[in-house]
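Asker: A structural model of the following input is requested.
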Amino acid sequence: MNKSELIDALSKKEGLTEKQAADVVNLIFKGFDNQLKSGGRIEIRGFGSFVVRNYDSYTGRNPKTGETIQVDSKKLPFFKVGKELKERVNSGK
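Answerer: Model (predicted):
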């Protein structure tokens, strides 16, 4: 499912217009974005959690040229699946 499919499903299930459903989905995603940017954590019980992981800089290699390059430190979002979702997926329900 992609974002437009999510908006479509929400509008049909809740009787919203496409614009209203898009506003709701965008509001949720913007909230997630702001929370992660500020270094926070998002936890949705029964689904999973999102955190930001910090990675130190390191020396890498350009696979095309073989040249050694310095890769800067970075922050990346990380999703950890919740126990309940893992069980639902594995049981096929």
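Asker: other residues contacting the helix or strand harbouring residue 34?
Answerer: Using DSSP states H and E, residue 34 falls within helix 18-37. Applying C-beta atoms under 8 Å, 6 or more residues apart in numbering, the contact partners of helix 18-37 are 3, 6-8, 10-11, 14, 16, 41-42, 50-52, 77. Where you see a C-beta, it was placed from the backbone N, CA and C, and this is true even at glycine.
Asker: nearest to residue 86, of those residues?
Answerer: Set against residue 86, the nearest of those by C-beta to C-beta is residue 50 (15.8 Å).
Asker: that older thread, go through whichever helix or strand comes after the helix holding residue 34 and flag the buried ones.
Answerer: Scanning forward in sequence from helix 18-37 by DSSP H and E, the next helix or strand is strand 42-44. Across strand 42-44, burial judged by 16 or more other C-beta atoms under 10 Å covers residue 42.
Asker: centre of the chain to stretch 40-54, how far?
Answerer: Centre-to-centre, stretch 40-54 and its host chain are 9 Å apart (C-alpha atoms, centre = their mean, to the nearest Å).
Asker: first-to-last residue distance for it?
Answerer: The straight-line separation of the ends of stretch 40-54 (C-alpha to C-alpha, to the nearest Å) is 13 Å.
Asker: circling back to that earlier point, top of the contacts of helix 18-37 by neighbour count?
Answerer: residue 7 (20 neighbours; other C-beta atoms under 10 Å).
Asker: so that one belongs to a strand, correct?
Answerer: No - going by DSSP: H, G, I helix; E, B strand; the rest coil, the assignment for residue 7 is helix, not a strand.
Asker: how about the contacts made by it?
Answerer: Here residue 7 is in contact with 18, 21-22, 25 (criterion: C-beta under 8 Å, 6+ apart).
Asker: about what we covered before: just the CA coordinates of the helix holding residue 34, formatted as PDB?
Answerer: C-alpha atoms of helix 18-37 as PDB (Å, rounded to 0.1, in the frame of the first residue of the first chain):
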ATOM      1  CA  GLU A  18     -10.200  12.700  -0.800                       C
ATOM      2  CA  LYS A  19      -8.900  16.200   0.300                       C
ATOM      3  CA  GLN A  20     -10.000  15.600   4.000                       C
ATOM      4  CA  ALA A  21      -8.400  12.100   4.000                       C
ATOM      5  CA  ALA A  22      -5.200  13.500   2.400                       C
ATOM      6  CA  ASP A  23      -5.100  16.200   5.100                       C
ATOM      7  CA  VAL A  24      -5.500  13.600   7.900                       C
ATOM      8  CA  VAL A  25      -2.700  11.400   6.400                       C
ATOM      9  CA  ASN A  26      -0.400  14.300   5.800                       C
ATOM     10  CA  LEU A  27      -1.000  15.600   9.400                       C
ATOM     11  CA  ILE A  28       0.000  12.200  10.800                       C
ATOM     12  CA  PHE A  29       3.100  12.000   8.600                       C
ATOM     13  CA  LYS A  30       4.100  15.600   9.400                       C
ATOM     14  CA  GLY A  31       3.800  14.800  13.100                       C
ATOM     15  CA  PHE A  32       6.000  11.700  12.700                       C
ATOM     16  CA  ASP A  33       8.500  13.800  10.800                       C
ATOM     17  CA  ASN A  34       8.700  16.500  13.400                       C
ATOM     18  CA  GLN A  35       9.000  14.000  16.200                       C
ATOM     19  CA  LEU A  36      11.900  12.200  14.600                       C
ATOM     20  CA  LYS A  37      13.600  15.400  13.600                       C
END
